[in-house]
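Peer 1: what follows is a predicted structure for the sequence shown.
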Amino acid sequence: MKNLVIVESPTKAKTISKFLSKDFKVESSFGHVRDLPSSKLGVDVDHNFEPTYTIPTKAKKKVAELKALAKKADRIYYATDSDREGEAIAWHLAQIFGEPVSKTERIAFHEITEEAVKEALANPHHIDLKMVDAQQARRILDRLVGYKLSPFLWKKIAKGLSAGRVQSVAVRLIVEREREIQNFKSDEYWEVIGDFATKKNEVFQAKLNRIDGETLDKLSIHNQEQADKIFADLKNEKYTIADLSQKQTKRNPLPPFTTSTLQQEANRRMHFSAKQTMMLAQQLYEGISIAGEMTGLITYMRTDSQNLSQKFLDEAQSYLKKNLGDQYSELRRYKTKSKGAQEAHEAIRPSSALREPESIKDHLTPTQFRLYQLIWQRAVASQMSPAIMDSATIDIIDSKNKYNFHATGQVIKFDGFLKIYPGSTQEELLPVVKQGENIDCQKIDPQQKFTQPPARYSDATLVKQLEEKGIGRPSTYAPTIATVIARNYVEREKDKRLKPTEIAFLVNDLLVEHFSDIVDYDFTADMEKQLDEIAEGEKDWQPVINDFYQPFNKNLMIKEKELTKKELTEEKTDEVCEKCNSPMVIKIGRFGKFLACSNYPTCKNTKKINSSGEITEKAKPELLDEKCPDCGLPLVARQGKFGSFKGCSGYPKCKYIKKEAAEDLHVKCPACKEGNIVAKHSRRGVFYACDQYPKCKTAFNSKPLEEKCPDCGWPMIGTASGTKCGNKECGNE
């Protein structure tokens, strides 16, 4: 074997293989091959923060195979992704192999096309150790925070909690927004709308916007008494066109997508979570089978650059001129405004502007198609002419020259980029009128309204806020949101908005008061800036870690002694324990507040309470019109540890429990392809298994999701840190 090429994923390996001759063998590392150990800190804080790396158990077999192949190869090419994580994987592989530098090359490409891969092979370079240092610094920082602060939370609040350098800041944003909503006081206000008609009986609406020459703000008319007075003044008035104007405006196309803007737009338009968007984008980037060949459809999806290659610009111009005409084409170049953006990277774009979404629709899943279509439309539209609008305004005055109504409208004269990337622009045509012309008022309608609290964050608005504050980087947004949900700090509501749990408030308040730097927006953003400076070679990573760690660790040791679990988690109440007459206190656990006897552990009496602190009584058994098949007594509906169930009313003499149909998750069994995965109960809790048991014994400890693993096609399952493949032999995370 002459050449060994190593990438991260099997799909990417399969796509690249078709571009290369038999002299090349393309293999996958299945992601990271070394990491800090899971059982200990793995960072020597007394010796310049030297990390100890280990090969995870799941990666050992693959690493051994790659090491054997590396020894036989004449030349090794590390073709991992062109970001810090990819650079670190290449470095770790090089450290494991121990092969001479003269035998190894680093290649990088931003799209998986034959042209890009062959160009990368023709222009190899060495591993960028500055980027490796930046990745190591981030990993070590996050390990120090998580490994030191999480046990502190276990001791002082509840077991199972976690803290993270970026995660905890995201929780703070969500908690503070929820407090804004809770403290919001709605204000009443009124709007006065008039329905006006021209001589040709063309009806249009206008809104009262000035009284006695003074412009009204939102709350100017703040009660019904004011609104009724205005209505009485206007009821029998005559109206005249006081002023009108018409002007032409241009609306330019938006730049192509970055990671942040793609996540925001996919969430806004299609309600995709940030995690779902990145999973689909990864599939499109690594390759989709089209006509029997693996084809990379988009460029690398973790980027903050808005650059477009000359090749794409030429293709886009050619496509537009041929299909829409010269008037729709306008060459545009975009300069990245994001801090720390890597200009050598490209924006997210289709690997070919000529590959229209409809032409490959049959080869994509519905969600893959929708995301590809969005990326294609945005990138091609960025090279189009502006949309031209005719904007018109009409001002209407009453006979006393006191009340002024204002109407606006617009008409699209030339659709420009909107032809490919339609937005929320709506046409509203105003009638043709003349200044001084009398106009009829058909109706005056005072409308009562109330100010609304700020909305909870969606994935899109949270990503935008994180980006604006400089917190995290493109690769961190999706896993951060997934992590705070998986760790029970945040719940996703039915409308997909993010709502903090009770435990989130407590943990956030503790961190804000006692570990302010960890959740300070400016401090966290400055740390990101320093990581960028490490990647640029402007700073060494150890001093950056040391400057953070020393005051952090000193404060942690002080708080370990100062704070007690009781003062942080208990609230006094007027309730008395009916079992031992001791006072009851409100405690908080990982899953929220509950009422407990203060005489614990002698008395272990507890009661459930709701979010308002009120005791929720245990539901009484409900007698059913159904007989027990064992003893003939009526069955009752009860509440148990795993939810409601039907059992015999003669319990404990008769222990009959009716077996209900298992909950179908609508996930096909990936092993036998015949059964469905259903929820089952055992004495150890809920588990998920194929309904074809014992013929098929496939089972999962965690709930399988509808998302499929991009590597092997098995369902992904939820974990404490995000998701991973349910196939133990794959282990993709």
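Peer 2: Good, I have the coordinates. Small disclaimer: the values here were computed from a predicted structure and weren't measured. Numbering: from 1, shown residues only.
Peer 1: got a list of what residue 542 touches?
Peer 2: Counting by CB atoms under 8 Å, 6 or more residues apart in numbering, residue 542 makes contact with 48, 49. C-beta: built from backbone N, CA, C; applies to glycine.
Peer 1: quick one: residue 265 is in a helix?
Peer 2: Yes: using DSSP: H, G, I helix; E, B strand; the rest coil, the assignment for residue 265 is a helix.
Peer 1: was I right to think it contacts residue 375?
Peer 2: No: applying CB atoms under 8 Å, one finds residue 265 not in contact with residue 375, separated by 9.5 Å.
Peer 1: which neighbours do these two have in common?
Peer 2: When contacts are counted by CB under 8 Å, 6+ apart, residue 265 and residue 375 are jointly contacted by residue 257.
Peer 1: who's more crowded, the two?
Peer 2: It is residue 375, of residue 265 and residue 375, that has more neighbours when counted by other CB atoms under 10 Å, with 26 against 19.
Peer 1: for residue 388, which non-adjacent residue is spatially closest?
Peer 2: residue 414 (4.1 Å; CB to CB, 6 or more residues apart in numbering).
Peer 1: that should have said residue 514, apologies.
Peer 2: Among residues not flanking residue 514 along the chain, residue 559 sits closest, at 5.2 Å (CB to CB, 6+ apart).
Peer 1: most centrally placed residue in this structure?
Peer 2: What sits nearest the mean C-alpha location of the chain, by CA atoms, centre = their mean, is residue 274, with 2.9 Å.
Peer 1: excluding chain neighbours, what is closest to it?
Peer 2: Counting by CB to CB, 6+ apart, the residue nearest residue 274 is residue 478, at 4.0 Å.
Peer 1: just to be sure, that neighbour is in a helix?
Peer 2: Yes: remark: residue 478 belongs to a helix, assigned using three-state DSSP.
Peer 1: quick check, pLDDT for it.
Peer 2: At residue 478, the pLDDT value in this model is 90.
Peer 1: contact partners for it?
Peer 2: 263, 273, 274, 275, 277, 278.
Peer 1: just among those residues, which is most surrounded?
Peer 2: If you count neighbours using other CB under 10 Å, the busiest of the contacts of residue 478 is residue 263, which has 30 neighbours.
Peer 1: for residue 245, list each beta-bridge partner.
Peer 2: For residue 245, the beta-bridge assignment (DSSP bridges) gives partners residue 393.
Peer 1: what is the burial count for it?
Peer 2: By the other CB under 10 Å criterion, the neighbourhood of residue 245 contains 10 residues.
Peer 1: hang on, isn't it packed against residue 407?
Peer 2: No: under the criterion of CB under 8 Å, residue 245 makes no contact with residue 407, lying 11.4 Å away.
Peer 1: so what sits against both of the two?
Peer 2: Shared contacts of residue 245 and residue 407, defined by CB under 8 Å, 6+ apart, comprise residue 393.
Peer 1: tell me the SS of residue 261?
Peer 2: Using three-state DSSP, the secondary structure recorded for residue 261 is helix.
Peer 1: list the contacts for it?
Peer 2: 254, 255.
Peer 1: what do you get for residue 458?
Peer 2: 267, 268, 496, 497, 498.
Peer 1: ok, residue 518 next?
Peer 2: With contact taken as CB under 8 Å, 6+ apart, residue 518 is in contact with 145, 149, 163, 165, 168, 169, 511, 552.
Peer 1: can you tell me how far it is from residue 138?
Peer 2: Note on residue 518: its distance to residue 138, by CB to CB, to the nearest Å, is 15 Å.
Peer 1: which residues of the stretch 101-250 of the chain score low on pLDDT?
Peer 2: In the predicted model of the stretch 101-250 of the chain, no residue satisfies pLDDT under 70.
Peer 1: residue boundaries of the strands in it?
Peer 2: Chain-ordered strands for the stretch 101-250 of the chain, with DSSP state E, counting those that start in this stretch as the definition, fall at 104-106, 188-197, 203-211, 214-215, 239-251.
Peer 1: again, but for the stretch 301-450 of the chain
Peer 2: Counting by DSSP E, counting those that start in this stretch, the segments of the stretch 301-450 of the chain that form strands are 387-398, 403-414, 438-450.
Peer 1: how about the stretch 501-650 of the chain?
Peer 2: Using DSSP E, counting those that start in this stretch, the strands assigned to the stretch 501-650 of the chain run over residues 571-576, 583-589, 592-597, 606-608, 622-627, 634-640, 643-648.
Peer 1: for those strands, which one sits closest to residue 539?
Peer 2: strand 583-589 (40.8 Å; CB to CB).
Peer 1: residues touching that closest one, excluding its own?
Peer 2: Contact with strand 583-589 is made by 157-158, 502-503, 506, 569-573, 575-577, 593-598, 605, 607, 609, 613, as judged by CB under 8 Å, 6+ apart.
Peer 1: how far away from the center of its chain is it?
Peer 2: A distance of 34 Å separates the centroid of the chain from that of strand 583-589, by CA atoms, centre = their mean, to the nearest Å.
Peer 1: sheet partners, orientation included, of that strand?
Peer 2: Sheet pairing of strand 583-589 (DSSP bridges) gives strand 571-576 (antiparallel), strand 592-597 (antiparallel).
Peer 1: looking at the ones you listed, which is buried most?
Peer 2: By mean neighbour count, with neighbours taken as mean count of other CB atoms under 10 Å, strand 592-597 ranks first of the strands paired with strand 583-589 at a mean of 19.
Peer 1: and stretch 376-396, average pLDDT?
Peer 2: Per-residue pLDDT values across stretch 376-396 average out to 96.
Peer 1: so for that stretch, what gets flagged as buried?
Peer 2: Of the residues in stretch 376-396, those with enough neighbours to count as buried (16 or more other CB atoms under 10 Å) are 376-387, 389-390, 392-396.
Peer 1: quick check, residue 33 in contact with residue 92.
Peer 2: Yes: the criterion here is CB under 8 Å, and residue 33 meets it with residue 92 at 5.3 Å.
Peer 1: still on that earlier bit, what's the lowest-pLDDT member of the contacts of residue 458?
Peer 2: Of all these, the one the model is least sure of by pLDDT is residue 496, with 88.
Peer 1: and that one, what does it touch?
Peer 2: 267, 271, 273, 458, 459.
Peer 1: using TSV, lay out those together with distance to residue 544 and secondary structure.
Peer 2: Conversion of the contacts of residue 496 to TSV gives the following (distance: CB to CB, whole Å; DSSP: H, G, I helix; E, B strand; the rest coil):
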residue	distance to residue 544	secondary structure
267	33	helix
271	39	coil
273	32	coil
458	33	coil
459	30	helix
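Peer 1: mind putting these in a markdown table, distance to residue 437 included?
Peer 2: A markdown table is the format used below for the contacts of residue 496 (distance: CB to CB, whole Å):
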| residue | distance to residue 437 |
| --- | --- |
| 267 | 47 |
| 271 | 47 |
| 273 | 54 |
| 458 | 46 |
| 459 | 50 |
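Peer 1: which of these sits closest to residue 21?
Peer 2: Looking at the contacts of residue 496 and their distance to residue 21, the nearest is residue 273, at 41.0 Å (CB to CB).
Peer 1: domain ranges for the protein?
Peer 2: Under the assignment named as automatic domain parsing, the residue ranges that make up the domains of the chain are 3-127, 137-184+455-565, 188-252+387-450, 259-381, 570-608, 663-725.
Peer 1: which of those comes out lowest on mean pLDDT?
Peer 2: If you rank the domains of the chain by mean pLDDT, domain 663-725 sits at the bottom with a mean of 77.
Peer 1: please name the residues that touch the residue nearest to the centre of the chain.
Peer 2: For residue 274, the contacting residues are 263, 267, 459, 463, 477, 478, 481, 482, by CB under 8 Å, 6+ apart.
Peer 1: may I see the PyMOL selection of the buried members of the residues you listed?
Peer 2: With 16+ other CB under 10 Å as the criterion, this PyMOL line picks the buried residues out of these:
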select buried, resi 263+267+459+463+477+478+481+482
